[in-house]
Every structure is written in structure tokens, then in C-alpha cells.
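[1] Sharing a model that was predicted from the sequence below.
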2 protein chains.
Amino acid sequence: MARKPLDYEELNENVKKVRYAVRGELYLRASELQKEGKKIIFTNVGNPHALGQKPLTFGRQVVALCQAPFLLDDPHVGLMFPADAIARAKHYLAMTPGGLGAYSDSRGIPGIRKEVADFIHKRDGYPTDPELIYLTDGASKGVMQILNTIIRNERDGILVPVPQYPLYSASIALYGGSLVPYYLEEEANWSLDFVNIRQTVAEARSKGITVRAMVIINPGNPTGQCLSEANIKEVLQFCYYENLVLLADEVYQQNIFQDERPFMSSRKVMFDMGPPLSRELQLVSFHTVSKGNWGECGQRGGYFEMTNLPPKTVDEIYKVASISLSPNVPGQIFMGVMINPPKPGDVSYPKFTAESKYVHESLRRRARMMTDGFNSCRNVVCNFTEGAMYSFPQIRLPPRAIEAAKRAGKAPDVFYCLKLLEATGISTVPGSGFGQKEGVFHLRTTILPAEEDFPAIMSSFKKFNDSFMEQYEGYSRM
Amino acid sequence: MARKPLDYEELNENVKKVRYAVRGELYLRASELQKEGKKIIFTNVGNPHALGQKPLTFGRQVVALCQAPFLLDDPHVGLMFPADAIARAKHYLAMTPGGLGAYSDSRGIPGIRKEVADFIHKRDGYPTDPELIYLTDGASKGVMQILNTIIRNERDGILVPVPQYPLYSASIALYGGSLVPYYLEEEANWSLDFVNIRQTVAEARSKGITVRAMVIINPGNPTGQCLSEANIKEVLQFCYYENLVLLADEVYQQNIFQDERPFMSSRKVMFDMGPPLSRELQLVSFHTVSKGNWGECGQRGGYFEMTNLPPKTVDEIYKVASISLSPNVPGQIFMGVMINPPKPGDVSYPKFTAESKYVHESLRRRARMMTDGFNSCRNVVCNFTEGAMYSFPQIRLPPRAIEAAKRAGKAPDVFYCLKLLEATGISTVPGSGFGQKEGVFHLRTTILPAEEDFPAIMSSFKKFNDSFMEQYEGYSRM
């Protein structure tokens, strides 16, 4: 029988090449165990509300009022909503003739893009143009659109950090480009080593790859590091001299858990460096409402900002954005509220600040507990989670554990993570889902389980790990 | 100076090939005139709320409560929300651990997919499997994903109706395929003529194109026709024998403005026909919350349903959907409310029915007024807007008007539409934005301006048109 166009064998090969660890073996086994009644601690996805984080009230009040503008005419509205949420809802409704049910401009609501520009100006100390800011359905959609714009064929290469967030490898495969992996230096706090990166680029070029862009994720996913200003400068110089577009994934910019290295945007560092970089280097930066203290993943709000892109290119990006008409409007309003939260003196300021601070400080304590917990375990070393939402400990597996994994037909890190899951219910993602150096093994966990559960989780992890190590080391400890 | 990767000349050629009439010359000129203070009647986009259509209250109440679940604990909630909206909000919140701020399953919330399956079963009389229904950020995103799955290279052809909705031509260009246009028969109420379509396919094949899929838009955009059951049967048989996937764009299924030909889904007709078609033909159907009586364009809710796709393909589509994590959750809840509106006996039923009926009957009256208005004009003929939201009158331009357009450096339909805009403020889209047969000219308007404005709009159109015709016909009427 003839094959049909949507039979597997007949599909677009790029679709088939996509790898996405979201539904890997670990996740499937965890779901099975959960069905069998085992208590599973899902630490595998950066989805804070799913693990019990409460939404920040002010944003929800504003968006609820925008969804139901008839509430604004209800005499009881003042009993249920604070005055500043009501005023803010009216402010956004005035920007959206037709309200939340009308398509906006394909680039997003002009008034909110203006507010994002003000936020960036205030954050970096350099003004920007709202016309170069496009709102999106979450940051991922923006990353995908920009990669689709850059990639022409399989000889176009994109430098991606390893370990990496699989959005990049998956999108590059989908659009038919080549991923050029560069390794982050675990021993140097997951920083970038340009001696190695230069060699990586030279090797790719010798294979006929045109390297066209470089991705950095700062703060890092899955690695949790905050890049130093010096390291960001090196990135910018490298991109400038090698003629690469820099794609700066800065979605975790609010998730910073140490004081030595506050978040600095690539854009700010670039403008600090001045010309020629600040006038010539092509930079696209990404942000989202899904992370930070908001964690509003399900709302799908994001933006990207383009720096030094020629107007004709900006027009092309507008044209492609317009094919799917407009990003969702409620998500745009979340973005507006996120970058313009209640200010001192506003009715909602005390509550907003208390809620926001609670989330942030608790995550900071959890980052510390998790790193310390891992480092107290036999054969486990873990850089401190300086930012983002993840720990990425290295698990030094004894040779006999690696052999046992081989006999079981599993990658060594998958073998370890499965045993961990069966013994403790802790569901992690093996490092191989993100890429790691040959012969080195990791796992990724989020720092998102409830704070009060942390002591039990870390002690349960330690108990499993140390007895696993004892079993496979096969000799008694000193 | 070396070109940079995001310079226009260096972009992905497929991006550059995309054409999208949204921001065409007419729209730009209308925006200019509006800035100069002229009153513009925008009839160029199917965006009902932007033209004053009110949202259906029940859906907004449910989604507002889901956004702000703390309202459910407020003692005043019963003063502002009806009991069934409160119950429905609780129903959806029970389906979404983590609420609207958590990523859902990449395919959408399982409980809502189950409700969509029930809706389809009830509509068509044949059960379906929720695992084959994926929720999306509006129908366009689903169409784009399926086209990206089908198209392998520039020799893969997709049959698209002409006149067509530019989503199809734009997406096919973006993913590097070939659009194979088939003409709708204006004289036969924009139906499909398979003698011509067979010839079209044969010609495409002789040029080395592998035709792999066929798009139908029913009810039609921009043409407004409802396909007969007999015509849909012909489509299905043709796709079966030619080994094509059928992509059925059925987003206007609720917008039906006559009683002779109620909406029938391609899926129902296929199951009525029985095997082998019902078991073998690969069909993907699309729906949305943006159209119908809802018109909730800005919320970006949609779904697609897959019939007779092998499980491995369904898995591939799931994998690619998971790259961008999940469709927006509020849009998913709108879909739930749309396919499961208040029922007789529910508190909100009378209000919901009144609002919904008002929108529908008013659109029906407007469809009639618009068609009759066009047909009363000199050299204008227009099929009745049986469904969807558009009229697509043919404008029979006299040779001297065509010559005048040529002298002005404009396509004849663009010339006519610009003159119309300048004279009356009515902003339309020239037929060339959708495709039309050589030497035949059209324009597209929506039927969405406020009903009370219709007599003035149609009389203003007639006055302009008839004097335009008089000017260019150059001889006095009999």
C-alpha cells in the first residue's frame, strides 16, 4: 500500500530530527510510579505554580478586571479590588480598543511596548526604541522566530552552550540548521572559555559550517551560574570579531540568589563598551513573564528586543509575526504589569512587595539548601545555584556503576536517576538531556519544591546516593 | 564592510519570500488618512471586537474567576458573578493544578480536550479520541505546525483555494514548499470544480511537484460560501484517490447566515461515506475561539483534530508542540466554554442565549444588507455571504479604468480601492491580496461594521461606485 503524506516515513525530516527530553524515560517512569500510588517529587520542569508557588495578586487582579471590564461598572468592585488595580486595568483597556478579545498589532500593544522600553532604559541606563521590541507568546516563540530568520540551510551553525536548554537544539533541528556546541567550564563556575570556543568555531568552519550566531543563557539553565561582566565582555568581543549575532536568553534575570554578581544585561555591557560594538553588534535579547518572582508560565507572555538590526530586517520579522496575527493579549498585559509593578505609595505596594519578596527569599534559601545538600553527598559536587531555578550537580559514578548501567542497557546518568526515582520518588532529568562532557555525569533538579519539604528531600537524596556509591565503589571508605 | 548575519541580504530566503497583505498599500493609506482626521471605516480585518462587538459575558466571567481564584473566597463574589460561572471556574481550576500560571500539557489540558471530543461527537454523530485533539494558540498556529510537518522541500505542493486566506500562502513560503493554487468558481457560488482541479494537479505534477495536501476553507474566507455536502464529498474522494492529506479550515463553522446549507464538517461527511475513506483518509480539522459568536481573537485559543494519522506521527506532532511548552491556558479555558456553553436551566442561559443570538442575527442581517447593497451597484456582482465574515464582490472595471490604473502605476483593483477609500473612508482589501483569475477584479470587506451604520456605508459605497463607473465608462447610460 502506498504511503500517505502524514505517515511517519513521509514527514519533514527536520521534524523527525528534533529531540526533546521533556518526555524522556525518567518522566514516563515517574508518571507510571505516580499512577501506582508512589509519592513523586517532580523537580524536572521549571513550572513554579505547578509546585505550589502562589501568583502575585496584583497582576491577577489587573488581568481579571481587563477580562471582565463590566466589573468596573459594578458598584461592588471596590469591595473586591484595590483602587490601583482598578486604575491599572482602565489604563490597559484604554490601550486596547476592543479589549482582550481583539487582535492587537502583531508586534504587541504599542503602549505596552513603550512601557517595556522604559523598563529597559531604567534597567540598563540606555534608552531604547519601542519599535524594536516585539511582544510574544512566551520567550520560546521569540527564540524560534529569530532562529528561523537566521538559519538558511544545514551549513548555517549556531553556537549553543552545553549543557544547554533543549529549546535551542530542538529549534535548530526543526529549522534545519547545525548546532555548534561549546562547553561551559564546570570547574570555573560554568563560565565561557574563549580559547576552547575559538577552537570549536575553527573546527566547525573547517567542516564547512558558517557560524552565524551565538546563544548565551544568563543566568544559566540548567547550570544556574550568573556570568561575570568580564565574561560577558568577552562574549561581545568574540561575537563582534567573528561576525556573529548574539542571542541573549535572559529570562531568569530576576532570579538572582547572591549579591556579588547582580544581573547585567548583555545590552548594558555592550553599551558600556561603546563603539564600534555598541553601534554594530547585532543583538537580540529575550525576556518572559514565566520566570522571576511571577512564574506565570501558563500565561505565555514574553518579548524580544532587537539592537543594531537594520530596518529592513525588523520589517521582515514583523511580516512573519503577522502571519499568526497577534500574541495573546492577556499575556501582553502580564508583561506590562511585570515590568511596571506597584510603586511605593500605591495601595497594593505593601502586599505586592511582601509577596514578591517572599517568593524571592524562599527561592534563595532553597538554592542554598540544595547546593549544600548535594555537596554533602559522597561523590557529588555542585556549583552554587547563583541564579535561575536549577541545580546541576556532577555525580562521579564509580566504574562499577558505569558497568552496571551498561549491563542494564542504560546511559550511566539515566541509570542513576532511575534508581534515585525508584528509591526516593525524586524525579530529575539526567544530564545527558542537556549535553555534558564525555565521561562526566550530572542530573538537573529545579529548586522549586516547597521549602518546608527541603530537609526531607535532601536527606532522602543523601541516603540514596551514599548507599548507591557504597554499593558500587566496592571498597570500604577510609 | 562585511555583511552581518541579520542584514536583509543574509536572511533565510523563505522568510523574505513570505507575502502578507495585512499591511498593504490600502491599510497604510487608511492609517495616514485617519491621522489627518478623516473618519475611516475599517472593514479590512476579521476582528469583531475591534469594531465594537461585545464579548459574551459568561466566558469572560469564568476566565476572570480562573485568573483571580482568590475571588472565589471573597464573601462578595456572589454579588458580582452568577453561580454557574463560579461553578464553571471551579471546574476548570480543578483541571489545572497550579492554575493559569502553570504550563499545561503541551497538547492542552486533558479535561478540556475531553470536552472538545464530546463537542465533536455531538456535532458530527461520531465519537473521537481526546488524544487526537491538540489545543493551540489560535487556529493559525495549528495550521502552521501541520504545514511544517508536511512540507519537506520546494517540490512538495499544497493545493490552496484561490481566492485564499494569506495564512496559507505565507506559511507555505516560510516552510519552503510550493503553493498549488486551485480556483474557486465564482459563477457556481465559489464551489470547487474537479475537472479544473484535476488539471491543476496534473500540471503541477508535470513540473515535478509532489502534491501532498489540499486545503479547504469552509465557510469560505474571503469568499463567504458554504460548501454543499456533495462538493465536500467530491473533495474527500479526490483527496483519497490522489493520496492527499485534507486540511479543513472550519473556523467559521458557527457563522452561517442561511438555512438551506447548514455547516457540515468534512469529518462528518467522511464518516457518513464509510470505509475505505473513513478509515484511511488523513484529515486535520481546525477550529478557534476567534470567530463564531465569540469573536475572542485576542485570547488566541484554538484546536486541531487529527483523523487517521498514525500514532508515530501524532507523537512527532506532540514532540514539536512541546518545544514551546504549552498553549496559553486562558485561551484553552475559552475553548472549553465555547464548546460547552450554558445549557437550558443554567442561571446564565437566558443572558448567554440573548447575547449570542443578538450577535448572530445581526451578522446575518448585515450579510444580507451588504450583498444586496453591492448587487444594487453598477458593474458590481456579489455572491451572497452565506457564512464567515466577508463579502467578496466582483468589480467589473471598464477598460478605461484599467488604463487609468496602469497610468497611475497601480493594479486595477488597488486603484479602485484607493479611490473608494479617499472618497468614502471605507478601507477594504483589493482582491489581488487573495488571488483572483486573470482580468477579474474584486475587493474584500468584512460584514463587521456596526449594523446601524450599514445603510450609510452602503449608500456611500454606491454613490462612489456608480460615479466611478460613469466616469470611466465614458458613455451615458441607456
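    Yep, it's here. No experiment lies behind these values; they were computed from the predicted model shown.
[2] Model confidence score at the nearest residue to residue A:264 once chain neighbours are set aside, please.
    Sequence neighbours aside, residue A:229 is the residue nearest to residue A:264 in space, at 5.6 Å (criterion: CB to CB, 6 or more residues apart in numbering or on different chains). For glycine as for every other residue, the C-beta is placed from the backbone atoms N, C-alpha and C. Note for residue A:229: predicted pLDDT of 97.
[3] How about the one 4 residues further on?
    Confidence at residue A:233, expressed as pLDDT, is 98.
[4] For it, give me its contacts.
    Counting by CB atoms under 8 Å, 6 or more residues apart in numbering or on different chains, residue A:233 makes contact with A:269, A:273.
[5] Could you verify that it is part of a strand?
    No: assessed with DSSP: H, G, I helix; E, B strand; the rest coil, residue A:233 is helix; it does not lie in a strand.
[6] Tell me the residues on the stretch 251-400 of chain A that lie near chain B, please.
    Neighbours of chain B within the stretch 251-400 of chain A, by CB under 8 Å from any CB of the partner chain: A:280, A:282, A:284, A:290, A:294-300, A:309-310, A:312-313, A:316, A:318-320, A:322-331.
[7] Helices - which of the residues you listed land there?
    If you go by DSSP state H, these have A:280, A:312-313, A:316, A:318-320, A:322-323, A:329-331 in helices.
[8] Buried ones among those residues?
    Neighbour-count burial (16 or more other CB atoms under 10 Å in any protein chain shown) is assigned, among these, to A:313, A:316, A:318-320, A:322-323, A:329-331.
[9] In terms of distance to residue A:364, which of those residues ranks first?
    residue A:331 (27.0 Å; CB to CB).
[10] got the contact list for residue A:72?
    Residue A:72 is in contact with A:65, A:86, A:89-90, counting by CB under 8 Å, 6+ apart.
[11] For it, what are phi and psi?
    Torsion angles at residue A:72 (phi, psi; degrees, to the nearest 10) stand at phi -70, psi -20.
[12] just residue A:178 next, same as before
    When read as degrees, to the nearest 10, the backbone of residue A:178 gives phi -120, psi 130.
[13] Now it: closest residue in space that isn't a chain neighbour?
    residue A:157 (4.5 Å).
[14] Please report phi then psi for the one you found.
    Here residue A:157 shows phi and psi, under degrees, to the nearest 10, equal to phi -110, psi 150.
[15] wait, doesn't it sit right on residue A:211?
    Yes: contact criterion CB atoms under 8 Å: residue A:157 and residue A:211 qualify, at 4.4 Å.
[16] who touches both of the two?
    A:180, A:204.
[17] So between these two, which is more surrounded?
    The neighbour comparison of residue A:157 against residue A:211 (other CB atoms under 10 Å in any protein chain shown) goes to residue A:157, with 25 against 20.
[18] my guess is residue A:435 contacts residue A:162, does it?
    Yes: proximity of residue A:435 to residue A:162 meets the contact threshold set by CB under 8 Å, at 3.7 Å.
[19] Can you dump the C-alpha atoms of stretch A:390-406 in CSV for me?
    In CSV, the C-alpha atoms belonging to stretch A:390-406 read as follows (Å, rounded to 0.1, in the frame of the first residue of the first chain):
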residue,chain,number,x,y,z
TYR,A,390,18.1,24.8,38.8
SER,A,391,20.9,22.8,40.4
PHE,A,392,23.1,20.7,38.1
PRO,A,393,25.3,18.6,40.4
GLN,A,394,28.0,16.4,39.0
ILE,A,395,27.7,12.8,40.0
ARG,A,396,31.0,11.0,40.0
LEU,A,397,29.9,7.5,39.2
PRO,A,398,32.3,4.7,40.1
PRO,A,399,33.5,2.4,37.2
ARG,A,400,31.4,-0.4,38.6
ALA,A,401,28.2,1.7,38.4
ILE,A,402,29.0,2.6,34.8
GLU,A,403,29.5,-1.1,34.1
ALA,A,404,26.2,-1.9,35.8
ALA,A,405,24.4,0.7,33.7
LYS,A,406,25.9,-0.8,30.5
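[20] Going by neighbour count, list what's buried in that stretch.
    Quick answer for stretch A:390-406 (16+ other CB under 10 Å): A:390-395, A:397-398, A:401-402, A:404-405.
[21] residues touching the closest residue to residue A:453 other than its chain neighbours, list them.
    Residue nearest to residue A:453 in three dimensions, not counting chain neighbours: residue A:41, with 7.4 Å by CB to CB, 6+ apart. Under the criterion of CB under 8 Å, 6+ apart, the neighbours of residue A:41 are A:424-427, A:449, A:453, A:457.
[22] which phi and psi does residue A:41 have?
    Torsion angles, degrees, to the nearest 10, at residue A:41: phi -100, psi 100.
[23] Spatially, which two of the buried residues of stretch A:390-406 are the most separated?
    Largest pairwise distance in the buried residues of stretch A:390-406, by CB to CB, is 27.2 Å, between A:390 and A:404.
[24] rewinding a little: out of the buried ones among the ones in helices among the residues of the stretch 251-400 of chain A next to chain B, who's nearest residue A:371?
    Residue A:371 lies nearest to residue A:331 out of those, by CB to CB, at 32.8 Å.
[25] My guess is that closest one contacts residue A:298. True?
    No: counting by CB under 8 Å, residue A:331 stays clear of residue A:298, with 9.4 Å between them.
[26] any shared contact partners between those two?
    With CB under 8 Å, 6+ apart, residue A:331 and residue A:298 have common neighbours residue B:328.
[27] on that earlier part again, tell me the one of the contacts of residue A:41 nearest chain B?
    Closest to chain B out of the contacts of residue A:41 is residue A:449 (13.3 Å), distances taken as CB to the nearest CB.
[28] What about that closest one, how many residues nearby?
    Residue A:449 has 19 nearby residues by other CB under 10 Å.
[29] Contact partners for it?
    A:41, A:43, A:51, A:366, A:457.
[30] can you point me to the longest helix in chain A?
    Assigned via DSSP H, chain A shows its longest helix as helix A:349-375.
[31] In the sheet, which strands lie alongside the next helix or strand after it, parallel or antiparallel?
    Scanning forward in sequence from helix A:349-375 by DSSP states H and E, the next helix or strand is strand A:380-381. With DSSP bridges as the test, strand A:380-381 is paired with strand A:394-395 (antiparallel).
[32] And the next helix or strand past the strand it pairs with?
    helix A:399-407.
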